[in-house]
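*Asks:* Just to be clear, the model below is a prediction. Sequence and coordinates:
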Amino acid sequence: MTTPAHPSDQRGHLLTEQVNPESANLDQLSSLEIVDVFNREDAKTISAIRSVRHELADAIDRTAENLRQGGRLFYVGAGTSGRLGVLDAAECPPTFCTPPEMVQGIIAGGSEALVRSSEGLEDRSDDGASAIAERNITSLDIVVGIAAGGTTPYVHGALAEGKRRGATTVFIACVPKEQVAINVDIDIRLLVGPEVLAGSTRLKAGTVTKLALNILSTGTMVRLGKVYGNRMIDVAVTNTKLHDRALRILCDLTDLSREQADDLLTKSNFSVKRALLMQWTGLSVDESDRLLAQHQGNLRHAKQAL
């Protein structure tokens, strides 16, 4: 079992636990000054992402390749980190029309921990390993462990079990490698420095983690052909807002009026991707599906094939 480099009850040395000199007098500041401190500190999240651009690109490529072969993406975390993983996973089906099992979030304490703190459960590494075993994770899957301070036993247990099963393992933390070492395939360190409120990693650490997950999941879906240009052509048309978005995409990418686009969307069984291919090629629903299947759902490749 992989363990943190230091005992979990001695965390003062961690970057995420240190005191930020820029906010040392936080309780004496005016509200406007508090906002300004946060603004200056949050700006560090952008450079932190830039410093791991190669690692993020590697994670996108490997995740897309595995998902293309039928694998799944799992985010594992506790507390804020776990909730961010669950959030990103939950947003994939409506945004990219992915099946719910393709991207999943695992949080210590289960669904109840999403709305009620259960941070004590993060200390159980065996629970993390069990969560991986229960989902029958294999070499086709990707396990992304998220731990701002890097030491969460639940996450380490999950990653160790994932690695034992041959899964691609990714670690996302906000502390340097020399503070917490771990054996994973891709090691992403988002170094944003000490928090405005010492040790509160729901702040900068949470923000930069959300940025990284946005890039990882969206980049993966781009590689899977769920985007044309910068349009979400696999959007699930499940409510008024998304129906309107689908019609605007069709109108923008074709010469159709809104009424014509609505008719085409209905004929395509409310698939923007299928509707576009039908409009551009004159193919039927079934013919469009066959062509898309031949090109693994990639609209641009299917269009170019004709």
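*Replies:* Okay, I see it. Numbers count the residues shown, from 1 in each chain.

*Asks:* Contact partners for residue 202?
*Replies:* Contact analysis of residue 202 by CB atoms under 8 Å, 6 or more residues apart in numbering lists 79, 80. Heads up, the C-betas are built off the backbone N, CA and C, glycines and all.

*Asks:* what about 7 Å?
*Replies:* For residue 202, the contact set (CB atoms under 7 Å, 6 or more residues apart in numbering) comprises residue 80.

*Asks:* now do residue 74
*Replies:* 104, 106, 137, 141, 142, 143, 144.

*Asks:* so which of those comes closest to residue 15?
*Replies:* residue 144 (20.4 Å; CB to CB).

*Asks:* Low-confidence ranges, the stretch 101-250 of the chain, go.
*Replies:* 118-120 (pLDDT under 70).

*Asks:* Do a quick rundown of the strands in it.
*Replies:* 103-107, 142-146, 168-173, 186-189 (DSSP state E, counting those that start in this stretch).

*Asks:* re the thing from before, same list (the contacts of residue 74) but as JSON lines, adding neighbour count and distance to residue 276.
*Replies:* Putting the contacts of residue 74 into JSON lines (neighbours: other CB atoms under 10 Å; distance: CB to CB, whole Å) gives the following:
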{"residue": "104", "neighbour count": "18", "distance to residue 276": "29"}
{"residue": "106", "neighbour count": "25", "distance to residue 276": "35"}
{"residue": "137", "neighbour count": "22", "distance to residue 276": "35"}
{"residue": "141", "neighbour count": "24", "distance to residue 276": "31"}
{"residue": "142", "neighbour count": "27", "distance to residue 276": "29"}
{"residue": "143", "neighbour count": "30", "distance to residue 276": "35"}
{"residue": "144", "neighbour count": "33", "distance to residue 276": "32"}
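
*Asks:* right, and residue 88 touches residue 73 too?
*Replies:* No: between residue 88 and residue 73 there is no contact under CB atoms under 7 Å: 9.4 Å.

*Asks:* Give me the more crowded residue out of these two.
*Replies:* The neighbour comparison of residue 88 against residue 73 (other CB atoms under 10 Å) goes to residue 73, with 27 against 23.

*Asks:* Quick check on that one: phi, psi?
*Replies:* Dihedral angles of residue 73 (phi, psi; degrees, to the nearest 10) stand at phi -110, psi 130.

*Asks:* per-residue pLDDT, it?
*Replies:* At residue 73, the predicted lDDT confidence score is 98.

*Asks:* Which residues are in contact with it?
*Replies:* Here residue 73 is in contact with 63, 67, 102, 103, 142, 144 (criterion: CB under 7 Å, 6+ apart).

*Asks:* Output the residues you listed in JSON lines; the columns should cover distance to residue 175.
*Replies:* JSON lines is the format used below for these (distance: CB to CB, whole Å):
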{"residue": "63", "distance to residue 175": "23"}
{"residue": "67", "distance to residue 175": "29"}
{"residue": "102", "distance to residue 175": "30"}
{"residue": "103", "distance to residue 175": "26"}
{"residue": "142", "distance to residue 175": "22"}
{"residue": "144", "distance to residue 175": "17"}
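
*Asks:* Just flag the most distant two among those.
*Replies:* 102 and 144 (13.6 Å).

*Asks:* could you say what helices and strands the longest helix along the chain packs with?
*Replies:* For the chain, the longest helix by residue count, based on DSSP state H, is helix 204-223. Under the contact definition 3 or more CB pairs under 7 Å, 6 or more residues apart in numbering; DSSP states H and E, helix 204-223 sits against helix 31-42, helix 44-50, helix 53-68, helix 79-96.
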